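> Provide a 3D model corresponding to the input given below.
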Amino acid sequence: MKLIILDRDGVINEDSDAFVKNADEWIPIEGSIAAIARLSKAGFTVVVTTNQSGLGRGLFQESDLEAMHKKMHTMVKAAGGEIAAVVYCPHHPDDGCDCRKPKAGLITQIEQQFNTSAKGAITIGDSLRDLEAGLEKGCIPLLVKTGKGQKTLQKIIAEQKPDFHNLAVYNNLAAAANAIIQS
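Got it, this is the predicted structure:
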């Protein structure tokens, strides 16, 4: 299985400091839906992992999250691709769960669901926590500059983080997908 793990907000869709709370606010980043479809058609199993603390904060309901994910699935399917699963952390940051990124609990759930190891899988994110969760499981992290990606890149450079010395950085998910498929 060729596994690719994508963060959602800031990678697939526009992020918001006020949280993406419903399907109307869920707006795909240009080229991201087509990129997922290309990855899927190229034989990758695409899985989305996302921290959704807005649930734990009471900002939206499970039904709102389901509607956002249905919209995402429908758009990817219309482009000829497939998202194999969406795994999310519903907890408030203070809950101390093991699934909130940068912890790797969401990736552990993927391993269990697909009866596979995520070691060597590609994980694409726009924040340090996305990349750290992947590293904990032996994934290959890629950073996109969309969402919080530009700030994350500046932080990695400023702090000279050794785990990210050879980090591949792409303008967006479409550019990352092109590079992955061509390699």
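> now the closest residue to residue 28 other than its chain neighbours: how far from residue 183?
Leaving out its chain neighbours, the residue that sits closest to residue 28 by CB to CB, 6 or more residues apart in numbering is residue 13, at 5.2 Å. Quick note: C-beta positions are derived from backbone N, CA and C, even for glycine. Between residue 13 and residue 183 the distance is 25 Å, computed by CB to CB, to the nearest Å.
> So for the two, which residue has more residues nearby?
Comparing residue 13 with residue 183 by other CB atoms under 10 Å, the one with more neighbours is residue 13, at 23 against 5.
> which residues does the more buried one bridge with?
Assessed by DSSP bridges, residue 13 has beta-bridge partners residue 9, residue 28.
> now it: how far from residue 136?
Going from residue 13 to residue 136 by CB to CB gives 25 Å.
> same question, residue 26
When residue 26 is compared with residue 136 (using CB to CB), they lie 28 Å apart.
> So between these two, which is more surrounded?
For residue 26 versus residue 136, neighbours defined as other CB under 10 Å are more numerous around residue 26 (23 against 16).
> which is the next helix or strand following the longest strand belonging to the chain?
If you go by DSSP state E, the chain has its longest strand at strand 44-51. Scanning forward in sequence from strand 44-51 by DSSP states H and E, the next helix or strand is helix 53-56.
> ok, and what's touching whatever helix or strand comes next after that following helix?
Remark: after helix 53-56, the chain's next helix or strand is helix 62-78, criterion DSSP H and E. Helix 62-78 is contacted from outside by 8, 12-13, 20-23, 26, 28, 33, 36-37, 40, 48, 52, 55, 82-83, 86, 88, 90, using CB atoms under 8 Å, 6 or more residues apart in numbering.
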